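**Q** after the sequence you'll find the predicted model.
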There are 2 protein chains.
Amino acid sequence: MRTSIIAVGTELLFGQTVNTNASYLSENLNLMGFDVMYHFVVGDNPGRLKKKLVQAFEDTDMVLLTGGLGPTQDDLTKEMVAEYMGVGLYRDEKVVSDLKSFFERHGRHMADNNLKQAYLPEGCTPLYNASGTAPGFALEKDGKIAVCFPGPPRELKWLFENGGRQYLEQFMQKKMCYRVIRTIGIGESDLETLLLPLIDTQTDPTIATYAKEGECTVRVASQRDTAEEAAAAVDEMTARIEELAGRYIYSLNDEELVDTVVRLLKEKHLTISAAESCTGGKFAAAITDVAGASEVIRSSFVTYSNEAKISVLGVPEETISTYGVVSPETAMAMAEGLSRRAGADVSVSVTGYAGPDADEGHSAGEAYIGYVYRDMKGYVSVNTSRNMRKWNRNYIMLRMLRTVYLLITDKMQEEQAAKKQ
Amino acid sequence: MRTSIIAVGTELLFGQTVNTNASYLSENLNLMGFDVMYHFVVGDNPGRLKKKLVQAFEDTDMVLLTGGLGPTQDDLTKEMVAEYMGVGLYRDEKVVSDLKSFFERHGRHMADNNLKQAYLPEGCTPLYNASGTAPGFALEKDGKIAVCFPGPPRELKWLFENGGRQYLEQFMQKKMCYRVIRTIGIGESDLETLLLPLIDTQTDPTIATYAKEGECTVRVASQRDTAEEAAAAVDEMTARIEELAGRYIYSLNDEELVDTVVRLLKEKHLTISAAESCTGGKFAAAITDVAGASEVIRSSFVTYSNEAKISVLGVPEETISTYGVVSPETAMAMAEGLSRRAGADVSVSVTGYAGPDADEGHSAGEAYIGYVYRDMKGYVSVNTSRNMRKWNRNYIMLRMLRTVYLLITDKMQEEQAAKKQ
């Protein structure tokens, strides 16, 4: 069923509030097999809201609205929906008594304007709201369905889960399944080119690629008569994507790279430590952002100056003077020194130019990641060719995570062999 | 001028991406004095995009579009805007050469589909994009203005600040001046209460408080006939705000706390080092995110386990066993050990529970920040009373920055005296 979402609230048009309600509803509607065609945002203005209602119902059968159900004078969503559908309002006595006990429970006097919330469109299905004062409702007339939810995200979610979803289930025709596949190490247009044979020939499942900071995701989505068929179609397509782009895939279920790495380290009972120069602590901060990181990391080091690389990690002064501080040799000496020093199972280091400045003969975005893991020692070169300090630092940190990922999944040799070809 | 925003991208209708672009643009447009009337979101579908363009221009004079400018087949924003305005496309040779050098710099082959990005509507004002591959543009015809930006938020922001804003300024009727004042150490409702005498009596400049992660900002904005009048009104109001809330203000020009701290460290020729437990590298990562951080930080340490606190920093085992690892005593021993170890001018440490877990008798969000600076040794207690790991880690990191800020501006004693009252 074709669906639109209208969010009502001037604060959205001021940019004070981000419309997370629309993404929350969209995700849930898609998973239930509804086609979300449009989002609209309109201020607390009756004429403009009515106009958007007309436009939304022009080519969608169902409209979900959020906001504008409260007690104040500028809350007009209910009135406009009733007017558009051509019905009046009635006083819902259950809402009246809910309101009275709400204010009693909170030991507060109920201002008269609160009773405005007890008036609902005639013939509607009330969605009683135990998480706040404003009830929602669903109204179906002449093949048009309007479902109204309160604007505060917490109340919207509560009411969607407690009444809204159940109301919508009667209209579900097809079942939806989708999967978000995560990749790193390939750009969006290269990834699309790689998957083009699949993208061009498919109508269901659909395949779409998205660029995220430093990585790319692929979304595979199918709508079928049963959930099982949709899941099978997604699985089958996933296998074909893995054949074409498997080398770059690190998660088949939308897991962040750092979560994947920490999970794998835990599963394999491995500890990790880092010696960071240009990333300056971002790698350790990312690892320790994951709950339970204390199982995998004990200590980590930021060695920003040459002096710190020498005194903290024991990098030989000659290595730096001979090869330069940003060099494969220094990166490897950092990882080896770190391995001796901290004794973690995986030692990873990085030295590079985040930008804006770089020494002569080098450029911002050039970095070397050193590693020691079991009998493997080596380095990975990175060159972003960008002079964007924050972006570079994040990207280099992601490449450190990818290096660890390749090491502990025994894919590093494969990667290096592929590079040499 | 009445304005609409259309965000193009099926990922928004799937609920995978939140429409932060619309709030970013709305905030900036409002500050420039434009009236934002509607937001629309539409998928990568030419017919439906065209339909929304028609609806948007029905009652607004200007439409800003985001997304759908990339190299892939489903990127159709440019084509639909040109068609709606009745103009053709031309090949912009500057974009062609920008694209070529972008791919050369990245050492990557340019897939042919990238050239699609070099075609722009005839008669447009190109907005060249140095932060990505897809250029934006502005097109004015028959009293209608369309301004198109790429969809990735980082690129949108870059292009808005580097060309977009300047293009829009010609349509501003009044001149705008605004200032964002940053505070830390006070909650939003307390700050609003403090400023209420100013807020209640003012129509211009307007004063608005906003809560940000762990801090609060005050925006003072004035629209007058001349830029000078607007600036004078903002300055005058800023002085009155400083009288009421000066203790909490650390920046009068929207400088991030970390930028303020690094700038002050540089100005005072001071070095800093950290010993981080619960923040796990976030403090060092924040400091080194600022360009030129190498002047102020040489080394920093993540000592996540008790063992690392003992072996890396020399914290006495008895301190941990007697007072507990999350205690003022351990925090101070960490800072003292760090001071001996790294010899920076400012040594700051932290030990705490980020969550979700905490030892018996403690709670998530409890942390102690230790410091050594000149003849001052001490600690600051933090208790967020929240069990939100990422939020806690960020807040505790900000409190470390505030501790350093108070130390190096000689305000720590004043702060501690105020606390004792």
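**A** Arrived safely.

**Q** next, the contact list for the residue lying closest to A:A111 once chain neighbours are set aside, please.
**A** Spatial nearest neighbour of A:A111, chain neighbours left out: A:P71 (7.4 Å); criterion: Cβ to Cβ, 6 or more residues apart in numbering or on different chains. Every C-beta, even on glycine, is put in place using the N, C-alpha and C of the backbone. Contact analysis of A:P71 by Cβ atoms under 8 Å, 6 or more residues apart in numbering or on different chains lists A:A111, A:N113, A:N114, A:K116, A:Q117, A:T133, A:A134.

**Q** can you check A:I145 too?
**A** A:D61, A:M62, A:V63, A:A138, A:L139, A:F171.

**Q** how about 6 Å then?
**A** For A:I145, the contact set (Cβ atoms under 6 Å, 6 or more residues apart in numbering or on different chains) comprises A:M62.

**Q** ditto for the one 10 residues further on
**A** When contacts are counted by Cβ under 6 Å, 6+ apart, A:E155 touches A:S131, A:G132.

**Q** how far off centre is the helix or strand hosting it?
**A** Taking DSSP states H and E as the definition, one finds A:E155 inside helix A:153-159. With Cα atoms, centre = their mean, to the nearest Å as the basis, helix A:153-159 stands 20 Å off its chain's centre.

**Q** got it, and stretch A:235-248?
**A** So, by Cα atoms, centre = their mean, the centroid of stretch A:235-248 is 22 Å from its chain's centroid.

**Q** A:A333 should be in a helix, yeah?
**A** Yes: counting by DSSP: H, G, I helix; E, B strand; the rest coil, one finds A:A333 located in a helix.

**Q** ok, it touching A:V315?
**A** Yes: applying Cβ atoms under 6 Å, one finds A:A333 in contact with A:V315, separated by 4.4 Å.

**Q** dump the helix holding A:E155 to CSV, keeping only the CA atoms.
**A** Output in CSV follows, covering the C-alpha atoms of helix A:153-159 (Å, rounded to 0.1, in the frame of the first residue of the first chain):
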residue,chain,number,x,y,z
PRO,A,153,9.5,10.6,19.6
ARG,A,154,9.2,8.7,22.8
GLU,A,155,5.3,8.9,22.7
LEU,A,156,5.2,8.1,19.0
LYS,A,157,7.3,5.0,19.5
TRP,A,158,5.2,3.8,22.4
LEU,A,159,1.9,4.3,20.5
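
**Q** C-terminal to that helix, what's the next element?
**A** helix A:165-169.

**Q** identify all contacting residues around that next one.
**A** Against helix A:165-169 from outside (Cβ under 6 Å, 6+ apart): A:A138.

**Q** so for that helix, mean pLDDT?
**A** Average pLDDT, helix A:165-169: 93.

**Q** next SSE after it?
**A** Downstream of helix A:165-169, the next assigned helix or strand under DSSP H and E is strand A:175-183.

**Q** what pairs with that following strand, and is each one parallel or antiparallel?
**A** Strand pairing for strand A:175-183, determined by DSSP bridges: strand A:215-224 (antiparallel), strand A:249-251 (antiparallel).

**Q** kindly export whichever helix or strand comes after the first one (C-alpha atoms) in CSV.
**A** The one in question is strand A:215-224. Counting by DSSP H and E, the element after strand A:215-224 in chain order, helix or strand, is helix A:227-245. C-alpha atoms of helix A:227-245 as CSV (Å, rounded to 0.1, in the frame of the first residue of the first chain):
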residue,chain,number,x,y,z
ALA,A,227,8.2,-13.6,4.7
GLU,A,228,9.9,-16.8,3.9
GLU,A,229,9.9,-16.1,0.2
ALA,A,230,11.2,-12.6,0.8
ALA,A,231,14.0,-13.9,3.0
ALA,A,232,15.0,-16.6,0.5
ALA,A,233,15.1,-14.1,-2.3
VAL,A,234,17.4,-11.8,-0.2
ASP,A,235,19.6,-14.7,0.8
GLU,A,236,20.0,-15.9,-2.8
MET,A,237,20.9,-12.4,-4.0
THR,A,238,23.3,-12.0,-1.1
ALA,A,239,25.1,-15.1,-2.2
ARG,A,240,25.5,-13.6,-5.7
ILE,A,241,26.8,-10.3,-4.3
GLU,A,242,29.3,-12.2,-2.2
GLU,A,243,30.6,-13.9,-5.3
LEU,A,244,31.2,-10.5,-7.0
ALA,A,245,32.3,-8.4,-4.0
